[in-house]
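Participant: Predicted coordinates and the sequence they were generated for:
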Amino acid sequence: MGDEDFPVQARALNYWFGRGEARKQALYDIDLRIARGSLTVLVGPSGSGKTTLLTLLGCLREVQQGLVILLGHELHGATPALATALRRRLGFIFQAHNLHESLTAAQNVMMGVQVLGRVDKARAQAAAAHVLGLLGLSERLDYLPANLSGGQKQRVAIARALVGNPELVLADEPTAALDRDSGANVVELLKRLGQARGTTTIMVTHDNRILDRADRILTLEDGRIVGDEARGG
């Protein structure tokens, strides 16, 4: 496979927090290539660098040292305009759902399309309803977040990340607030997107229930990759 088959690549990636005497290294010599359409899971103890790595790969932090190539573009020294353009091609799922409390479930999801600036309202509504339906929320389209459970809010946030057909999904504990069946449904949806559309997913998780569905498991400890296991998925 050529480089185009690996939408995420990193070589000799290092990262520090703080300055001067308070400076602390968070990542050490990270080398990885993520295959298109795959589901890669990052595991390891809290503080091992998983979320730091995820945010660097998603243009949410600036690369300080090393090479990161995202969707064919190098991130070290990237302009703010390039970083913004690349983020629009990604889907982000965070631990906090970050829903707008004054908007319905469908309206929150529509924002995931409308920020792209190329879809009219009717198409955005149809896309939002479709993805929410896939996540078992067809009966909750018009509900405000205050009237949804924690798990339902998280599924709305997941739908918002997926509705724009992103090339890459970066997920930080996406199933933590979900019951077993809902969590499995989310992972199966991400797997189907990978198979049908080539959507690539990188997921931070402590949820051992979903590891069997991963194509690859990367283990981080103290800012280093200490394990790299290919799975059947």
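Facilitator: Good, I have the coordinates.

Participant: Next, the nearest residue to residue 59 once chain neighbours are set aside: secondary structure please.
Facilitator: Spatial nearest neighbour of residue 59, chain neighbours left out: residue 83 (4.3 Å); criterion: Cβ to Cβ, 6 or more residues apart in numbering. (C-beta placed from N, C-alpha, C; glycine too.) Judged by DSSP: H, G, I helix; E, B strand; the rest coil, the three-state class of residue 83 is helix.

Participant: Which helix in this structure has the most residues?
Facilitator: If you go by DSSP state H, the chain has its longest helix at helix 180-197.

Participant: Show the subsequent helix or strand relative to that one.
Facilitator: strand 200-204 (DSSP states H and E).

Participant: Now the next helix or strand after that following strand: buried residues?
Facilitator: Per DSSP H and E, strand 200-204 leads on to strand 216-221 as the next helix or strand towards the C-terminus. Within strand 216-221, the residues that qualify as buried are 216-220, counting by 16 or more other Cβ atoms under 10 Å.

Participant: For this protein, which segments count as strands?
Facilitator: 8-17, 24-34, 39-43, 65-70, 73-74, 90-93, 168-172, 200-204, 216-221, 224-230 (DSSP state E).

Participant: So which of these is nearest residue 154?
Facilitator: Evaluated over those, closeness to residue 154 peaks at strand 90-93, with 8.3 Å, by Cβ to Cβ.

Participant: other SSEs contacting that closest one?
Facilitator: helix 150-162, strand 168-172 (3 or more Cβ pairs under 8 Å, 6 or more residues apart in numbering; DSSP states H and E).
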